[in-house]
Structures are given as structure tokens and as C-alpha cells.
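Q: Sequence first, predicted model second:
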Amino acid sequence: MIYLKAALAALQASGLVAKLIAAAVAAAALLAAYGVWHHQVYRSGYVRALADIAAEDTRAIGEATELRKTWRACRDRGGRWIQSEGRCA
């Protein structure tokens, strides 16, 4: 609290140029703090999106592998895969 009173007293005693400089420094500090916060929020969303994509890719690769096993079993038995019906003939 004493620092705040000292800062207010210094502002009252200072000239217009000093007040403008203090306002510019305060605005720059707020802008920098907002920039850091925004970057952290953006980065966390970006990382989460990549993790979601990786999980979806892993699931899709697993499903494709299982479907290929079904197709390969059909071919190994001498069957013919009917693509439009999704079955072995």
C-alpha cells in the first residue's frame, strides 16, 4: 500500500511527459502479459488438437488393418471380394 501511495505522489509531482511515459509503460506491460497469456491458450489448444488427430489416426489405422485382414482371409481362401457388398464370394 505504501508503494501505491508513493507512486501516486510521484505521478502528482511529475510533469505531463512523465505521466505519458508511465502510461505507455503500463500499457506495454499489460499488452505483453496479454500476449503471453494468449500464446499459452493458443498453444494448449494446438497441442490438444494434435493429440485428438493422432488418436483418430490410430483408431482409423486399426480399423483399416482389421478390414484388410478380412479381405486377405477371403483372398487366401480363394474367394473374390465383392466391394459393393463388402463380403467374400
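A: Ah, there it is.

Q: Now do the longest helix along the chain: which elements does it pack against?
A: For the chain, the longest helix by residue count, based on DSSP state H, is helix 16-76. Counting contacts by 3 or more Cβ pairs under 8 Å, 6 or more residues apart in numbering; DSSP states H and E, helix 16-76 packs against helix 2-13, strand 81-82, strand 87-88. The way it works is simple: take the backbone N, C-alpha and C, and place the C-beta from them, glycine included.

Q: If you average pLDDT over each of those, which is lowest?
A: Between the helices and strands packed on helix 16-76, the lowest average pLDDT goes to helix 2-13, which shows a mean of 77.

Q: Direction-wise, compare it with helix 16-76 and give the angle.
A: 130 degrees (axes from the mean of the first three to the mean of the last three Cα atoms, to 10 degrees).

Q: packing partners for helix 2-13?
A: So helix 2-13, by 3+ Cβ pairs under 8 Å, 6+ apart, packs with helix 16-76.

Q: returning to what we had before: let me have the helices and strands packed on helix 16-76 in TSV, adding mean neighbour count and distance to Cys74 as columns.
A: Shown next, in TSV, are those (neighbours: other Cβ atoms under 10 Å; distance: least, Cβ to Cβ, whole Å):
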stretch	mean neighbour count	distance to Cys74
helix 2-13	9	80
strand 81-82	12	5
strand 87-88	13	4
